[in-house]
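Enquirer: Structure for the following, please:
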Amino acid sequence: NCVRFFLRWQDFEPAPGRYDRRMFARLRKLLRWHEERALLAHPSLFVGWMSGGIFWPKWHRGRNIFSDGELRRRAFAFTSRSAAICAEFPETVLAVDHGNELCCLPDCLVASPAAVASWCAGVSESIRRSFPGVPLVSGNEQTQVNADAGWRFGEQTGCDFYSMHAY
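Expert: Just a heads-up that it's a prediction; the model follows:
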């Protein structure tokens, strides 16, 4: 009775600070469909890594999402806008996911664990400002247990529970 789905940042913000209103309208429509069908929604905000691909906006240009100041600001702004739409459906949105397997990103290997934790906290704060009380998670995979990519248990600030996709 729950659908986890993924927002592609590049579709919502094709250029820095320029949002595609149609994409936010589609998100609202998707959540309304969930509501009409008594389904729960579990949006995942950043599709950093999915099935071997990395999904960043073209304007990312190889910068580090966790340590580059401008990318961080853009990520937090996108998060706030997306969470505000989700907040319109408090009975429908089960939880908001930071993103899919962000621990697999090459960015994690060069950013400090402190930068990763700070980014996680910033995303959580951005969600909470727009949608207080919604459960937060960061859907990662086993490298948060068997390797150190900066996504450490107890240091995913703002997350209400952990999720691990084991392979």
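
Enquirer: from here on, contacts and neighbour counts on C-alpha atoms
Expert: Noted.

Enquirer: burial count for residue 34?
Expert: Counted by other C-alpha atoms under 10 Å, the residues lying close to residue 34 total 19.

Enquirer: buried set for the helix or strand of the chain with the lowest mean pLDDT?
Expert: Least confident helix or strand, the chain: helix 143-146 with a mean of 78, by mean pLDDT, DSSP states H and E. Across helix 143-146, burial judged by 16 or more other C-alpha atoms under 10 Å covers 143, 144.

Enquirer: what about the helices in this structure?
Expert: Along the chain, the segments classed as helices by DSSP state H run 9-12, 21-36, 69-87, 106-110, 113-130, 143-146.

Enquirer: List the buried residues of the fourth one.
Expert: Within helix 106-110, the residues that qualify as buried by neighbour count (16+ other C-alpha under 10 Å) are 107, 108.

Enquirer: do the same with the third one
Expert: By neighbour count with 16+ other C-alpha under 10 Å, helix 69-87 contains the buried residues 71-73, 75-87.

Enquirer: on that earlier part again, residues making contact with the least confident helix or strand of the chain?
Expert: Residues from elsewhere that reach helix 143-146 (C-alpha atoms under 8 Å, 6 or more residues apart in numbering): 103, 104, 149, 150, 151, 152, 153.

Enquirer: ok, the fourth one - contacts?
Expert: For residue 150, the contacting residues are 103, 108, 109, 111, 112, 113, 114, 116, 117, 144, taking C-alpha under 8 Å, 6+ apart as the criterion.

Enquirer: if you set the cut-off to 6 Å instead, what comes out?
Expert: Contact partners of residue 150, counting by C-alpha atoms under 6 Å, 6 or more residues apart in numbering, are 113, 116.

Enquirer: how near is it to residue 27?
Expert: For residue 150, the distance to residue 27 equals 30 Å [C-alpha to C-alpha, to the nearest Å].

Enquirer: likewise the first one?
Expert: Shown here: residue 103 relative to residue 27, a distance of 25 Å by C-alpha to C-alpha.

Enquirer: more crowded one of those two?
Expert: Counted by other C-alpha under 10 Å, residue 103 and residue 27 do not tie: residue 103 has more neighbours, with 26 against 18.

Enquirer: burial of residue 93, as a residue count?
Expert: For residue 93, using other C-alpha under 10 Å, the count is 23.

Enquirer: What pLDDT does the model give the closest residue in space to it that isn't next to it in sequence?
Expert: Residue nearest to residue 93 in three dimensions, not counting chain neighbours: residue 41, with 4.6 Å by C-alpha to C-alpha, 6 or more residues apart in numbering. On pLDDT, residue 41 comes in at 98.
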